[in-house]
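1. the following block contains a protein sequence and its predicted model.
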Amino acid sequence: MWNLPLFDKVTRPSMAPALKRKLKHSGQQKQQNKIAKTEPDQLTKRSVNEESDEQSDYIGDDDEDLMEAARTGKYGSDYEENDDGWEEQSDEDADSEEDANAEDSQSKSDDKEMMGGELEGLKETTELYKSNMFKLEIDELLAEVNVNYEKHKALQKALHYLKETFDKIPDGKETLLNVLQTGMERKDKISIPFLRPHPPVDAQYKFKFQKPTAVHVVGSYALKSVTKTKGYFNVDVAVEMPSSIFQEKDHMNNRYFHKRSCYLAVLSKAIKDSNAGFNLEFSTFNGDIRKPVLLVKPSGDKSDLDFTKSRCIIRILPSIASDVFRVQRLAPGRNNVRPKEESDATALKPTPQYNASVLTDSTFTANLAFLYQHSKNTPAFKDAIVLARTWLFQRGLAREEQTGSGFSSFLFAMLMGYLLQGGGSGGGKKLSPSHSSYQLLRGTIDFIANHDFASQPVFIGRSENEEVGVNDGVPWTYRISYKPQFSAESFMANYDVAIVDPSGALNLAARVNLSTILQVQYEAKLAMKYFNDTADRFEPLFLKNVNDMKMRFDNVFRLSLPESRIKQYNGAIEADYPSYHTFFAKKIGEVMKRGLSNRAELISVQYTAPATWQISESAPSFDGNVTITVGLVLNSDNAARLVDQGPDAQQVQEAKEFREFWGKKAELRRFKDGSILESVVWETKGYENRTLIVRRIVSYLLQLHLDVSTENVQYWAGQLYPYINYAKTVPSSLFSHDLAIAGFQPVTTAYTEFAKLVRSVDDALPILIGNIYPASSSLRQASPLLPHPTDFDNITFYPTSARYIEAIDVIVQLERSSKWPEDLSAVQKVKHAFYLKMSEEIKARYGHTSVVVDDVWEKNELAIRGWVDVYYGGFVFRCHIHLDQEKELLEKIITSKTESKAKKELAQRALEKYERIFHYRQRHTFAIQALCARSTAFSPTMRLIKRWFGAHLLTNHLSEELIELICAYTFVESHPWAPAVNAFTGFARVLGLLATWDWQNTPLIVDIEGEMTASDRDTIMERFAHLRSQNPKITHGAFVVATTKDLDGLRWTYSKPCKVVASRIQALARASCTVLDEIIQSGEEKNIKRLFVTPMQDYSAVIQLNPERCTRYFQNLHPNQKYLSLTQESTSELGNKVYVQFDPVADFVKDIENTYGDLLLVFYDKYGGDKIALVWNPVKITPQLWKLRLGYNSIPVDMSKKGTLKPSNETGEILKLAAPNFAAILSEIERFGEGLVESIETA
């Protein structure tokens, strides 16, 4: 190994790599088994409403122990719903199937029958799981994330203990709330978790504690569908408060919530007084600040009740029976928060959020029974929920506390149950109880992707009260006689999304707003693409963390919740949205959705509020420390649009609304087609500025509608653009900074005109020109800095530090002809004559300078060795003549039986050079050009990544083509995201790829053309496996990047990077990802420069160069202006001669590498770097027996018994060991670079 320290502070992603390796190793060993068919018990048919009303049939506190029920998964009598019309398996069928299975097992010795059984099993697996491999992956994932409930004995004891503790609590006395609060704070050191709003100081209603009516383990733990994640999972315990502690109108004016908080405080006191050692904290129920919950965390004392190893938290959820309050009074259109001064209920707006919050507490067991029923009828139901929870968790949608989205895996499970009972089109069934977990998951995701939630509510059940006309205290517009209280119209009038529970009264999606459901649907549509893909997309579906802000979204902005309230947040709204941040986040989503329209494919509004607090403390200010993060996935076709068109001027009402929304930016404009429309214009020029139009829109709308100034918004979009532009210290007299507006257009236009010019002179050539092809990074929009035209007439006034002129490679293909000689040496001479003739004609006809160059460094007489440089439009185009016959002659030599081995080797090297210049680079250029045309963010992404490699001194270890292919992979294989539309996102994704790519065990397959077949992919994997088996030490081909035209994947990677540099790249990428996360979280934009600063202490020696002699110094990230300026009297030491592609630093690096071989590794930045770093090879620097021609300057040494090395002590002894003389070698290097090297520092 090389002695190059690597970053060690970054960890690998959580679950994906380990599981992927496990799948890979077990994939060839594990047999595919048939899906066992479960024989259902005799079923008792009951309606959903009956299930909800008669909960005791499923869960009873008196009939059986609920804790045992949670452990075993059995709840009373297993009444199973089976009126769905699906064909059942009878007892006779089951018996016959058992007999058939027995016969099959007995006949396994018969090869034909065994083969038939295997084929049948494979066919069934394919039908149920998409593919055999997909089933294997699902099985491995389920084994990885499923919880072993048998190991939860301590948790079971803790649950039993809590139930016993609650049952022993004595009844209390009726007490005014403020008196109870004061007493508990003073005596018990418990602060009653009154959240918002607090009970009035003069509240006269009282609270009297009575022991719970029942205690139920509910949620995923009771259903046995818990999924392992990075954190802790919840075990929900619903403690049913007795009806007797409530009065008839306690559902109004937050009285229910106040009593609920008191009840929770008494429960917490009982647990605290029991001295069981539990750690107790308060939190909110799924972000609802009306409803606190009690968190019971393990003690960690290793007692019988310590459930630390279960990695869970017990949540105590106060609940009520379904008949405590009349459900009609909690209908969506009812108001239940009425100020004292308002006596007329008809003037009050509905409080649908409030009403749903109360109703939720009465549905825990009923919804569990609904899910449990389906889990009994559908064998794969629980596994499907586990898969769904994994899919949602990776996208930040599994739990409310992840992102504040309101969506959860519980909602997903309820939708799955809905589809099992008749939620398909026309009321038919979309899912069957016989479906596999994969089919259940896919069917539910497909429903979510395509259902119109904005206009069509989902009714899992219908309310018995739907047609009942209860009109007391209800505003006229919401009276049942005109609109049923639980009708679809009522739900959609009061909620963005409606998923109505089995009772038909509660909207389970009350907290889900429109932007959230659109986000879920966006992810569902992507998932369906992966399901339908012929390639295996298991990893992006389940293993990758999708909710990584820097990679998921094209634009991200963050803002702290403003202290001042917007005018829309009045008393009526506050009654329904007591937490301002919830309402504010909802408004952001609404404003952005309307303002960005089809510019954005997805608008994700995320926030996290303070989660927990000690039971002895008052609740925190939930709006005090809330940061709202908004992520935008942009539409590549519309994001940079300059004009937003509104309604026609004749549409008075629509035009008025348009002007009100856009304010002063709205204007009436006439368009080319004659239409006169309300419009908003975002005038700007240049690619970079146009990509920031969305940022301008967001900033404008935040200020206009939400009173958030630009200074208070951290917006991440264009911060990296300065790194692909010339630094501000570069004088504009040399390089115009306006070039950023024109982009690659000047060089592209110059190339097009130049190609016409070359074609025009072919009449003077003996053979006509067939085609002209680009073969330069500048012509495929991949050069880190924009190509800038040079004023050749005044070149003497360019300082030496700005005298580098790039040669733009062009392939000039001649038509086939029999006139060419058969001798390759003669062919090269004839080609040289062609170059001379082309040069003469261009000079004579157009007056452009052209220079024919013979590459004297090329010693292979069979290889191509010359070109013609043409100065045109401020650029230098380097033309290479391409002959098909040249390849044929080389191949003839290689395959000849009479040619010498030496000549064959020369021909082989010449052929490799020929292919690289004329075929590989040309095809690569076309592929990259095509991808740039498809994805506008691809070009700046490549340029930024090249800058990143340069900043970390790695440019001599990777070819430009390799870097471009790595970048291309993130665009053509962008899953689990859509292709990036912004360069910031593209840059982050490439860093993420480099940080996580298991390059030692996996090739990178880049299908730019979209033509790669499954057979091609198999071939790539086979060749890669062969490569690694033949070269386990990876002495070459560390990175394998395969394409349709290069199935070996070694075209650009055979010799470089080496293994140690590949590891270095990965370590740097991981560190960069960590830094990028820190920058985005902190909002410190100035720290973005840390991404482009490499730690120099990692190197053995650092050579400081003289910037005045570095001809590419003007490309440096931070050049010093004093090295880029010439006085009027001074001129460059290079005079008035144009030196094309003159780079003394690159030549110096080559000299070092050629001289010292593998004694050391050289690192530098070819894009204007003024430092060269060296690392000694530890194998070579280990003392060796002295001999002649060691290959480097050496010095004799002694080796002590401890293994330490010392210089010679001049005792006159004969020393047998020698080591490199580092000081002498560095002195030699300094002499090589005389005039270029300023100093050399050693570590």
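-> Perfect, thanks for sending it.
2. can you show me the strands along the stretch 1101-1243 of the chain?
-> Counting by DSSP state E, counting those that start in this stretch, the stretch 1101-1243 of the chain has strands at residues 1101-1105, 1160-1164, 1171-1176, 1184-1185, 1194-1199, 1205-1207, 1217-1220, 1237-1242.
3. next, format those as CSV and append mean pLDDT, mean neighbour count and distance to Thr729.
-> (Each C-beta comes from the backbone N, C-alpha and C, glycine too.) Shown next, in CSV, are these (pLDDT from 0 to 100; neighbours: other Cβ atoms under 10 Å; distance: least, Cβ to Cβ, whole Å):
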stretch, mean pLDDT, mean neighbour count, distance to Thr729
strand 1101-1105, 97, 19, 18
strand 1160-1164, 96, 23, 21
strand 1171-1176, 96, 22, 18
strand 1184-1185, 78, 12, 48
strand 1194-1199, 72, 16, 44
strand 1205-1207, 56, 11, 45
strand 1217-1220, 82, 19, 40
strand 1237-1242, 95, 14, 20
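4. tabulate these (TSV), appending distance to Leu765.
-> Converted to TSV, these look like this (distance: least, Cβ to Cβ, whole Å):
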stretch	distance to Leu765
strand 1101-1105	44
strand 1160-1164	41
strand 1171-1176	44
strand 1184-1185	59
strand 1194-1199	57
strand 1205-1207	66
strand 1217-1220	55
strand 1237-1242	47
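5. quick one, which of those is nearest to Ala995?
-> Counting by Cβ to Cβ, Ala995 lies closest to strand 1160-1164 out of those; the figure is 19.5 Å.
6. just checking, what packs against that closest one?
-> Using 3 or more Cβ pairs under 8 Å, 6 or more residues apart in numbering; DSSP states H and E as the contact definition, the elements that strand 1160-1164 packs against are helix 1144-1156, strand 1171-1176.
7. show me how far that strand is from its chain's centre.
-> Here strand 1160-1164 is found 33 Å from its chain centre; the criterion is Cα atoms, centre = their mean, to the nearest Å.
8. could you give the number of residues near Ile573?
-> Ile573: 18 surrounding residues under other Cβ atoms under 10 Å.
9. indicate which one of the helices and strands packed on strand 1160-1164 is closest to Arg338.
-> Closest to Arg338 of those is strand 1171-1176 (Cβ to Cβ; 73.2 Å).
10. who does the closest one pair up with?
-> Sheet pairing for strand 1171-1176, assigned by DSSP bridges, gives strand 1101-1105 (antiparallel), strand 1160-1164 (antiparallel).
11. wait, which of those strands is closest to Thr1019?
-> Thr1019 lies closest to strand 1160-1164 among those, at 33.3 Å (Cβ to Cβ).
12. including distance to His435, could the helices and strands packed on strand 1160-1164 go into JSON lines?
-> Shown next, in JSON lines, are the helices and strands packed on strand 1160-1164 (distance: least, Cβ to Cβ, whole Å):
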{"stretch": "helix 1144-1156", "distance to His435": "62"}
{"stretch": "strand 1171-1176", "distance to His435": "58"}
